[in-house]
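Asks: Pasting the sequence and the predicted model now:
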Amino acid sequence: MVGFWKRFKADKIALIVSGFLGIVVISALLAPFISPYDPTVLDIGNKFAEPSTAHWFGTDQLGRDTFSRILWGGRVTVLLSIVTMMCTIGIGIILGFTAGYFRGWIDEIVMRICDIMLSFPSEVLILTMVGILGTGIVNIVIATVIAKWPWYVRMIRSIVIQFMEKNYIRFAKVSGCSIGHIVRKHVLPGAIGEIGVLATLDTGSIILNISALSFLGLGVQAPTAEWGMMLNEAKSIMITNPQNMLPPGIAIFLVVAAFNFLGDSIQEALNPQLDKSYKIKRQSIFKRKKEMA
Amino acid sequence: MKSYIIKRLLWMIPILVGISFFAFLLINLSPSDPAEVALRVNEVTPTEENIAQVREQLGLDKPFMTRYFSWVGSALQGEFGNSYVNNKPVAQEFARAIPATLYLAAVTLVILVVVSVTVGVFCALYEGSLGEKIIRAVLFITTAIPAFWAGILLMWIFAVKLNIFPTTGMTSPSSVVLPAITLSLGYIPTYVRLIRNNMIQNQHKNYVLYAKVRGLKQSTITKHVFKNSIQTSLTAMGMSIPKLIAGTVVIENIFAWPGVGRLCVSAIFNRDFPIIQAYILIMALLCVVCNLLVDIFVAAIDPQMGKET
């Protein structure tokens, strides 16, 4: 783990990206205190204002300050995506560890349920769940968690099984360590990195997912600010005021890109061999090419 | 081969039973009473009396398992009941929407295959060059662009500003272009990367080295590498067809494409349960059949795979 932090700190992109995400999360948390305007207060006389010092990103079709709406929207989009991800990872860790550690009939049952759930795309399941529970952002979160957990369980189970076959864990078992001790001291520290990569990479796709459903109008209800919902509103005034499509779109794009970069960086810092072997391979090909020429 | 197909067909049964039961259970767990919903959407004030009447009419007063079996029984005959909103048969609504969705998915698949094979092969052949690096950077960025944002931006540029394509609907042959491009954008990066990596891996194999030693032309070698790497990539694409069909939902709603996704979303707004129920069942069936066809196809071109499973 020491090497991990060293490599992570040496990676400039990783630092920039984590700094950016840190700012996004903090400003989302502090939105009520730092946003210059109330995101829902109308000011019709001042609609479609150009970006200025008073309104950094301009105002929308009802004169609401776009910058404040982006800040408040981040609260919903980013924070709820992180909550969603944590819930799925939580279920994934519990069931994945149980299935991977005990194997046998528990494993069979959990895996067969996962097979059925994974036999068709999660989009269908999410849409149906929202259809039945009714629209609303909380229902979207519930639906996403229910649709996504089987995938995590399967991934985490395979990570756990990989560890369970290692000799030091076999030894720990034979020498009579308790289950809790083995999981806490031997399996979890090794597995946590890979789970972290999974979680970071997937947070981006969860943000895309939640904002897409809000864009369809299935999530938050107006006038609450949410990035997908803001794009939905911008779409209806596309012909007269296309500039309104930019701030929420760019916000989603930047945050998702940042999560993707961060996932990649963590992976690289965890498995430096991955990158190195690739480079060595490249070099040897280069040499070979030179020799052939 | 035959036993493999039979095995796969048998495996479909528990999956479909599981999904149908799940779909049915969901509706019953729903916080709102279907009978009340059916009355409300038709703007009838629900009273105790007419709720009871509708319950009887919809068969909701029978025990749970009886209702489940009668629902599955009629679903097997292609009978999904009537929509709560317009009282038309659900099966008829889907019969109209499914071709539109499949058409959109098919056009998307063609774009996807053409673009990712061309770009992927280019990236593999010119690995490490400036052009390849730029393409890879662009692709990495593309994965973070929300499909619906790309959709409305494309719509604004090509339909509103340049007026080349119609904005919405399925009015002219060219109306499929924008939705299909938008839909394929989300999948192109994955497949370019897949094809590129496959090609590069193959280039390091011994047969390529041997071919080089024999003094074969580079174009001949490339052809062999291409043939060997394209197979796995096409299989992966085949496996993502169900995801592609399901993923049309957002795009269909942006471009007002009269497909299954749009039908389902409007049903969600209207709380039209029979359509939602039929949606999950039909999509599940579509996906399971699609997966089966791809697996059989893979087993047919690569006999080794069929034997293993």
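Replies: All right, it came through fine.

Asks: Pass me the low-pLDDT residue ranges in the stretch 101-250 of chain B, would you?
Replies: Counting by pLDDT under 70, the stretch 101-250 of chain B shows no low-confidence range.

Asks: try 80 this time
Replies: Counting by pLDDT under 80, the ranges of the stretch 101-250 of chain B that qualify are B:163, B:166-173, B:231-232, B:234-236, B:238-239.

Asks: Next: chain A.
Replies: When residues are selected by pLDDT under 80, those of chain A lie in A:1-6, A:8-11, A:31, A:34-66, A:116, A:119-120, A:190, A:221-223, A:238-241, A:271-293.

Asks: tell me the contacts of the residue nearest to the spatial centre of it?
Replies: Most central in chain A under C-alpha atoms, centre = their mean is residue A:203, positioned 0.4 Å from the mean C-alpha point. Taking C-beta atoms under 8 Å, 6 or more residues apart in numbering or on different chains as the criterion, residue A:203 is in contact with A:81-82, A:85, A:259. Any C-beta I mention is one placed from the backbone N, CA and C, and that applies to glycine too.

Asks: now those in TSV, with distance to residue A:138 and secondary structure?
Replies: Shown next, in TSV, are the contacts of residue A:203 (distance: C-beta to C-beta, whole Å; DSSP: H, G, I helix; E, B strand; the rest coil):
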residue	distance to residue A:138	secondary structure
A:81	13	helix
A:82	15	helix
A:85	16	helix
A:259	22	helix
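
Asks: can you put those residues in CSV and add distance to chain B?
Replies: Formatted as CSV, the entries for the contacts of residue A:203 read as follows, by distance: C-beta to the nearest C-beta, whole Å:
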residue, distance to chain B
A:81, 13
A:82, 17
A:85, 16
A:259, 8
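
Asks: what about the helices in the stretch 101-250 of chain A?
Replies: Under the criterion DSSP state H, counting those that start in this stretch, the stretch 101-250 of chain A contains helices at A:104-118, A:122-133, A:137-164, A:167-174, A:179-182, A:188-215, A:227-236, A:246-270.

Asks: among the ones you listed, which is nearest residue B:247?
Replies: helix A:122-133 (5.8 Å; C-beta to C-beta).

Asks: Can you list the buried residues in the closest one?
Replies: Using 16 or more other C-beta atoms under 10 Å in any protein chain shown as the burial criterion, the residues of helix A:122-133 that qualify are A:122-133.

Asks: residues in contact with it?
Replies: Residues from elsewhere that reach helix A:122-133, judged by C-beta under 8 Å, 6+ apart: A:117, A:139-140, A:142-144, A:146-148, A:151, A:209, A:213, A:218, B:23, B:26-27, B:29-31, B:243, B:246-247, B:249, B:261, B:264-265, B:267-268, B:271, B:273, B:276, B:279-280, B:283-284, B:287.

Asks: I'd say residue B:151 and residue B:254 touch.
Replies: Yes: with contact defined as C-beta atoms under 8 Å, residue B:151 counts as touching residue B:254 (4.4 Å).

Asks: between the two, what contacts are shared?
Replies: Among the neighbours of residue B:151, those also in contact with residue B:254 (C-beta under 8 Å, 6+ apart) are B:179, B:182.

Asks: Tell me the one among the buried residues of helix A:122-133 nearest to residue B:75.
Replies: The closest of the buried residues of helix A:122-133, once distances to residue B:75 are taken by C-beta to C-beta, is residue A:128, at 15.0 Å.

Asks: Could you measure from the closest one over to residue A:218?
Replies: The spacing between residue A:128 and residue A:218, counted by C-beta to C-beta, to the nearest Å, is 12 Å.

Asks: Over to residue B:77?
Replies: Between residue B:77 and residue A:218 the distance is 32 Å, computed by C-beta to C-beta.

Asks: So between the two, which is more surrounded?
Replies: residue A:218 (26 against 8; other C-beta atoms under 10 Å in any protein chain shown).

Asks: Name the residues that touch stretch B:215-222?
Replies: The contact list for stretch B:215-222, computed with C-beta under 8 Å, 6+ apart, reads B:125, B:208, B:211-212.

Asks: Just the buried ones from these, in PyMOL syntax?
Replies: Here is the PyMOL command that selects only those of those that count as buried (16+ other C-beta under 10 Å):
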select buried, chain B and resi 125+208+211
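
Asks: Go back to the contacts of stretch B:215-222 and keep what's next to chain A.
Replies: Checked against chain A using C-beta under 8 Å from any C-beta of the partner chain, those yield the following neighbours: residue B:212.

Asks: Closest to chain A out of the contacts of stretch B:215-222?
Replies: Taking C-beta to the nearest C-beta as the measure, residue B:212 is the one of those closest to chain A, at 6.8 Å.

Asks: Pretty sure the closest one sits in a helix.
Replies: Yes: when the secondary structure is assigned by DSSP: H, G, I helix; E, B strand; the rest coil, residue B:212 falls within a helix.

Asks: ok, longest helix in chain B?
Replies: Longest helix in chain B by number of residues (criterion: DSSP state H): helix B:90-125.

Asks: what's that helix packed up against?
Replies: When contacts are defined as 3 or more C-beta pairs under 8 Å, 6 or more residues apart in numbering or on different chains; DSSP states H and E, helix B:90-125 sits against helix B:130-142, helix B:177-185, helix B:188-203, helix B:218-239, helix B:241-246, helix B:248-254, helix B:260-270, helix B:273-301.

Asks: Tell me which of these lies nearest to residue A:185.
Replies: Closest among these, once you apply C-beta to C-beta, is helix B:188-203, at 36.8 Å.

Asks: Measure how the closest one sits relative to helix B:218-239, angle-wise.
Replies: Computed by axes from the mean of the first three to the mean of the last three C-alpha atoms, to 10 degrees, the angle separating helix B:188-203 from helix B:218-239 equals 140 degrees.

Asks: Residues contacting helix B:188-203, please?
Replies: By C-beta under 8 Å, 6+ apart, the list of residues contacting helix B:188-203 from outside reads A:285, B:112, B:115-117, B:119-121, B:123-125, B:127, B:135, B:139-140, B:142-143, B:208, B:225-226, B:228-230, B:232-233, B:236-237.

Asks: Buried ones only from the residues you listed, please, as a ChimeraX command.
Replies: Buried members of the contacts of helix B:188-203 can be picked out in ChimeraX with the line below, counting by 16+ other C-beta under 10 Å:
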select /B:112,115,116,117,119,120,121,123,124,125,127,135,139,143,208,225,226,228,229,230,232,233,237
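
Asks: And the residue nearest the centre of chain B?
Replies: residue B:245 (1.9 Å).

Asks: Pull the contacting residues for it.
Replies: So residue B:245 contacts A:121, B:101-102, B:105, B:283, B:286-287, B:290 (C-beta under 8 Å, 6+ apart).

Asks: Tabulate the helices of the stretch 101-250 of chain A (CSV), appending distance to residue B:96.
Replies: What follows is the helices of the stretch 101-250 of chain A, written out as CSV (distance: least, C-beta to C-beta, whole Å):
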stretch, distance to residue B:96
helix A:104-118, 29
helix A:122-133, 19
helix A:137-164, 27
helix A:167-174, 58
helix A:179-182, 56
helix A:188-215, 25
helix A:227-236, 25
helix A:246-270, 33
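
Asks: what's the closest of the ones you listed to residue B:177?
Replies: Distances from residue B:177 to each of these were compared using C-beta to C-beta; the minimum, 18.9 Å, belongs to helix A:227-236.

Asks: Tell me the buried residues in the closest one?
Replies: Applying a neighbour-count criterion of 16+ other C-beta under 10 Å, one finds A:227-235 buried in helix A:227-236.
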